[in-house]
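Asks: one predicted model, sequence on top.
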Amino acid sequence: MIRNYFVTAINNLLKHKLFSVINIAGLAIGLAACILIGLYVQNELAYDKQWQDAGRLFKLDTTLDRTGSNPSRSGGDSFLATPLLRQAFADEIEAAARVINFDQEVRLDGANVSVSIPEVDRDVTKVFDFAVLAGSLDSTLEVPGRLALGEATAVRLFGSVAKAMGQTLTVVASGPGAKDTQLTVTAVYRLPAGNSILSLPSLTLLDEAKYPYLRNWLILATNDYVKLRPGIDVNNLLARMPAVIDHGVDISGMQAGPGVTPSQRMRLRLVNIADVYLKAPETLQFGGNLTLVLAFSVISLLVLMIGCTNFTILSTVKATQRAREVALRKVVGARRGELIWQFLGESTLLVALALIVALMLVELLLPVFGNWVGKALQFDLLQPRVWLALLALTLLVSVTGGLYPAFVLSYFRPAATLKANRSNEPLSAAGLRNVLVTFQFAISIALMIATAIVWLQVQYTVNRDPGFDRDRLLVINNLMSRPGVRSRIDTLRQQVAALPGVTVTALSGHQPMQRINLSTIMMPYTLEGGDRTALQLPTLSIDPDFLAAYRIPLLAGRVFSAAEDTPATFFDFTVKRGSEQQGKAIINMAAARSMGFTQPAAALGQRVSTTSAYNGSLQTYTIVGVIGDTQFFGLRTAPRPELYLDTPYFADVLTIRFDGDGRQLLQQVTGIWNKLTDNAALSSSFVDQLLSA
């Protein structure tokens, strides 16, 4: 019987070729879209599920409210947070570790190579799962000077795990007076495969003595991870957290005033590691977008519904041509249940054929789709769970799209059908078909409208005036993390400025669309003569040529001048703690409005003060210029109030404004870079591409 059903199904498909092609093509496109979107959603939801004790692993999350009215959630934590939590919750915390990420230049075979060498607490091996391939991680993290390499890093640097063991890497010194250090490879490890917010290409012991300036509750420069003991309720810890903060956190640097408790200005949360990626603050570099994941999931479902609806409509319409076949089968003894199973089998066969076509489409489109969403998506057909998912999808579509047509086809009455030589289609079938057609059009129109809105929004965002001239700008970043470059920044800038077509070069601590590091340093400033209400402002580092490079309009006053202004000492670690420092500042119009000035000229000469979180000195700045609002932080939000200082120590980005061919300029800049840095990797971007990403 099954063989007969199969032969009948094949004959029916071949007999109605156009119907078969349309139905299979429609289903294949819907299934391919559903699979592609499903791969993206699965990739986004799979972060940090691979850890053995993922349910007990948490990342510390810090929210600071420096002014009492503008809380700011950060992607980093204070250097002091983990020791406080381990002391306060000793019975609940099994292990905790701080991770400070550093990009270092190491000298290897006479050349400088960029390597990320995070410094970690020794308990990191108790928090996360490490598979040790060679050596001992525990002994590596006993004393400074030892280095453990991830398998990929070991292979990249030395060719194999075995060759890496015992090798000595020279870390090139960074900063004035610093000396090169030696790190000996004493272990090689592998982390569990899977998406993760954790980046540990190598690791070495965190030397607390090297970072006295980090012992400050206002500097959020570390990532802290906590592993709770089995059975511990994290909500119980969170309920006790305010008391712990009040007892152990110093907020004197916030100028909070008397009567303000630390827990009113700081909040510490423990976020399960599997939730961090999609629920991370926007200042976290590795964060995802939960809204986008949900939107893609809904779109995938709607596309699949359109495919199933289309299949149902075509099948019920085609039913009239099979009326005599059904009638004759019933005359010779076929029961309605058998006919339903036959037509469901035909539906399943058609869906299976559509799935085969869909899989071919997925293989062809996956690289393009992955590039579009910025993910390295993989579709491994050899995994059992993939086949189970495809089988479930096939059955779902077969039943959803074929169940009602099967009941319609099996309904026909032999006597009436043969007598009239046509089908007596039930009115309910025609009515449902009309409803399905309307439903399908409604979904299609909704998808088109949604697509148009998203496209228009993207175009608006991409083409929105960022407050500066985005064209013909090239940025070279990560200069501070390159010790071999840091001492040669002036030479690099001079040689680049001498290239044909280069009109302006400028140094700064940040670049457009950068949501981490120096672009997120928020400080409370008090306006002299005001109501003493602190204004929370991002403190950004620029040089005198920055405004000219980006062609940011000057609304009032002047720009920084090397002849008239001395560099600000806000970030200078050598400044005496408690001393009083003077300097000049530039603000944008949004900051001027937040201070109560409706005209830019009214802000000139005003003085603002704050306490540096980096050296504890009282910093007072006279406003010498007001510029237009810019969208450096993001194109989807309103311009931020911002304050700019001339602090050459934080020169992390070199911006180049040029005329002519950008690719040719990049080649010339790369040539200069390679000569100055012994062929170290160059990190560069064109600003218009940053804004379009």
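Replies: Looks like it arrived, so ask away. Every value quoted in this text rests on a predicted model; they were computed, and no experiment measured them. Numbers count the residues shown, from 1 in each chain.

Asks: quick one: contacts for residue 314?
Replies: 19, 22, 23, 26 (C-beta atoms under 8 Å, 6 or more residues apart in numbering). Where you see a C-beta, it was placed from the backbone N, CA and C, and this is true even at glycine.

Asks: could you dump these to CSV with neighbour count and pLDDT?
Replies: Formatted as CSV, the contacts of residue 314 follow (neighbours: other C-beta atoms under 10 Å; pLDDT from 0 to 100):
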residue, neighbour count, pLDDT
19, 17, 71
22, 14, 77
23, 25, 77
26, 19, 80
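
Asks: neighbours of residue 106, how many?
Replies: 23 (other C-beta atoms under 10 Å).

Asks: how near is it to residue 168?
Replies: 10 Å (C-beta to C-beta, to the nearest Å).

Asks: anything in contact with each of the two?
Replies: Residues touching both residue 106 and residue 168 (C-beta under 8 Å, 6+ apart): residue 183.

Asks: am I right that residue 624 is in a strand?
Replies: Yes - counting by DSSP: H, G, I helix; E, B strand; the rest coil, residue 624 is part of a strand.

Asks: just the pLDDT for it.
Replies: pLDDT, residue 624: 93.

Asks: what of residue 163?
Replies: 92.

Asks: what of residue 454?
Replies: In this prediction, residue 454 carries a pLDDT score of 63.

Asks: the contacts of residue 314 in helices, which ones?
Replies: 19, 22, 23, 26 (DSSP state H).

Asks: just the helices in the stretch 401-550 of the chain please.
Replies: 414-420, 427-463, 483-486, 489-497, 546-550 (DSSP state H, counting those that start in this stretch).

Asks: hey, where'd the helices end up in the stretch 101-250 of the chain?
Replies: Under DSSP H, counting those that start in this stretch, the stretch 101-250 of the chain gives helices at 124-127, 137-140, 151-158, 161-164, 234-248.

Asks: switch these over to TSV; also include distance to residue 258 and mean neighbour count.
Replies: Formatted as TSV, the helices of the stretch 101-250 of the chain follow (distance: least, C-beta to C-beta, whole Å; neighbours: other C-beta atoms under 10 Å):
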stretch	distance to residue 258	mean neighbour count
helix 124-127	39	21
helix 137-140	48	17
helix 151-158	51	18
helix 161-164	57	17
helix 234-248	15	15
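
Asks: of these, which is nearest residue 40?
Replies: Among the helices of the stretch 101-250 of the chain, the nearest to residue 40 by C-beta to C-beta is helix 151-158 (24.4 Å).

Asks: name the helix or strand for the nearest residue to residue 33 once chain neighbours are set aside, please.
Replies: The shortest distance from residue 33 to any non-neighbouring residue, by C-beta to C-beta, 6 or more residues apart in numbering, is to residue 303 (4.7 Å). Using DSSP states H and E, residue 303 maps to helix 290-318.

Asks: tell me which residues in that helix are buried?
Replies: Across helix 290-318, burial judged by 16 or more other C-beta atoms under 10 Å covers 293, 296-297, 299-300, 302-316, 318.

Asks: how about stretch 133-148: buried residues?
Replies: 133, 134, 135, 137, 140, 141, 146, 147, 148.

Asks: let me know whether the first one touches residue 190 as I believe.
Replies: Yes - using C-beta atoms under 8 Å as the test, residue 133 is close enough to residue 190 to be in contact (5.9 Å).

Asks: any shared contact partners between those two?
Replies: Joint contacts of residue 133 and residue 190 (C-beta under 8 Å, 6+ apart) are residue 151.

Asks: any weak-confidence spans in the stretch 551-693 of the chain?
Replies: 634-637, 649, 678-680, 692-693 (pLDDT under 70).

Asks: make it 80
Replies: When residues are selected by pLDDT under 80, those of the stretch 551-693 of the chain lie in 571-574, 613-615, 631-640, 648-651, 677-682, 689-693.

Asks: which stretches in it count as helices?
Replies: Taking DSSP H, counting those that start in this stretch, the helices of the stretch 551-693 of the chain run over residues 589-594, 662-677, 687-692.

Asks: list the residues that contact residue 193.
Replies: Going by C-beta under 8 Å, 6+ apart, the list of residues near residue 193 reads residue 50.

Asks: ok, residue 273 to residue 236 distance?
Replies: 19 Å.

Asks: cool, and residue 473?
Replies: Taking C-beta to C-beta as the measure, residue 473 falls 52 Å from residue 236.

Asks: cool, residue 357 as well?
Replies: Taking C-beta to C-beta, one finds residue 357 at 54 Å from residue 236.

Asks: same check on residue 571?
Replies: Separation of residue 571 from residue 236 (C-beta to C-beta): 40 Å.

Asks: point out where the stretch 151-300 of the chain drops to low pLDDT.
Replies: Low-confidence segments of the stretch 151-300 of the chain (pLDDT under 80): 172-180, 212-213, 218, 251-259, 279-292, 295-296.

Asks: go through the buried residues of stretch 133-148 and name the one nearest residue 651.
Replies: Checking the buried residues of stretch 133-148 one by one against residue 651 (C-beta to C-beta), the nearest turns out to be residue 147, at 28.3 Å.

Asks: please report how far residue 38 lies from residue 170.
Replies: In terms of C-beta to C-beta, residue 38 sits 48 Å off from residue 170.

Asks: which of these two has more neighbours?
Replies: For residue 38 and residue 170, the more surrounded residue by other C-beta under 10 Å is residue 38, and the numbers stand at 18 against 14.

Asks: for that one, what are its contacts?
Replies: For residue 38, the contacting residues are 300, 389, by C-beta under 8 Å, 6+ apart.

Asks: mind doing that once more with 7 Å?
Replies: Contacts for residue 38 (C-beta atoms under 7 Å, 6 or more residues apart in numbering) come out as residue 300.

Asks: separation between residue 353 and residue 346?
Replies: Residue 353 sits 11 Å away from residue 346, going by C-beta to C-beta.

Asks: the more surrounded of those two?
Replies: residue 346 (23 against 16).

Asks: quick one: pLDDT of that one?
Replies: The model reports residue 346 with a pLDDT of 73.

Asks: other SSEs contacting the helix or strand containing it?
Replies: Assigned by DSSP H and E, residue 346 belongs to helix 336-373. Under the contact criterion of 3 or more C-beta pairs under 7 Å, 6 or more residues apart in numbering; DSSP states H and E, helix 336-373 touches helix 2-15, helix 17-45, helix 384-411.

Asks: let's see that with 10 Å instead.
Replies: Helix 336-373 sits against helix 2-15, helix 17-45, helix 290-318, helix 323-331, helix 384-411, with contacts defined as 3 or more C-beta pairs under 10 Å, 6 or more residues apart in numbering; DSSP states H and E.

Asks: which of the ones you listed comes out lowest on mean pLDDT?
Replies: Lowest mean pLDDT within these: helix 323-331, at a mean of 56.

Asks: hang on, isn't residue 663 packed against residue 684?
Replies: No - when contacts are counted by C-beta atoms under 10 Å, residue 663 is not listed as touching residue 684 (11.5 Å).

Asks: ok, these two, which is more surrounded?
Replies: Neighbour count, other C-beta under 10 Å: between residue 663 and residue 684, residue 684 has more, with 15 against 9.

Asks: so where do the strands sit in the stretch 51-200 of the chain?
Replies: In the stretch 51-200 of the chain, the strands defined using DSSP state E, counting those that start in this stretch lie at 57-64, 72-74, 77-78, 93-100, 103-108, 111-116, 119-120, 131-135, 146-150, 168-171, 181-190.

Asks: which of the ones you listed sits closest to residue 398?
Replies: strand 57-64 (40.7 Å).

Asks: the helix holding residue 346 vs helix 290-318, what angle?
Replies: Inter-element angle recorded for helix 336-373 and helix 290-318: 140 degrees (by axes from the mean of the first three to the mean of the last three C-alpha atoms, to 10 degrees).

Asks: hmm, back to that, for the strands of the stretch 51-200 of the chain, give me JSON lines that also has distance to residue 651.
Replies: Converted to JSON lines, these look like this (distance: least, C-beta to C-beta, whole Å):
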{"stretch": "strand 57-64", "distance to residue 651": "26"}
{"stretch": "strand 72-74", "distance to residue 651": "23"}
{"stretch": "strand 77-78", "distance to residue 651": "26"}
{"stretch": "strand 93-100", "distance to residue 651": "21"}
{"stretch": "strand 103-108", "distance to residue 651": "16"}
{"stretch": "strand 111-116", "distance to residue 651": "18"}
{"stretch": "strand 119-120", "distance to residue 651": "23"}
{"stretch": "strand 131-135", "distance to residue 651": "38"}
{"stretch": "strand 146-150", "distance to residue 651": "28"}
{"stretch": "strand 168-171", "distance to residue 651": "21"}
{"stretch": "strand 181-190", "distance to residue 651": "23"}
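
Asks: many thanks, we can stop here.
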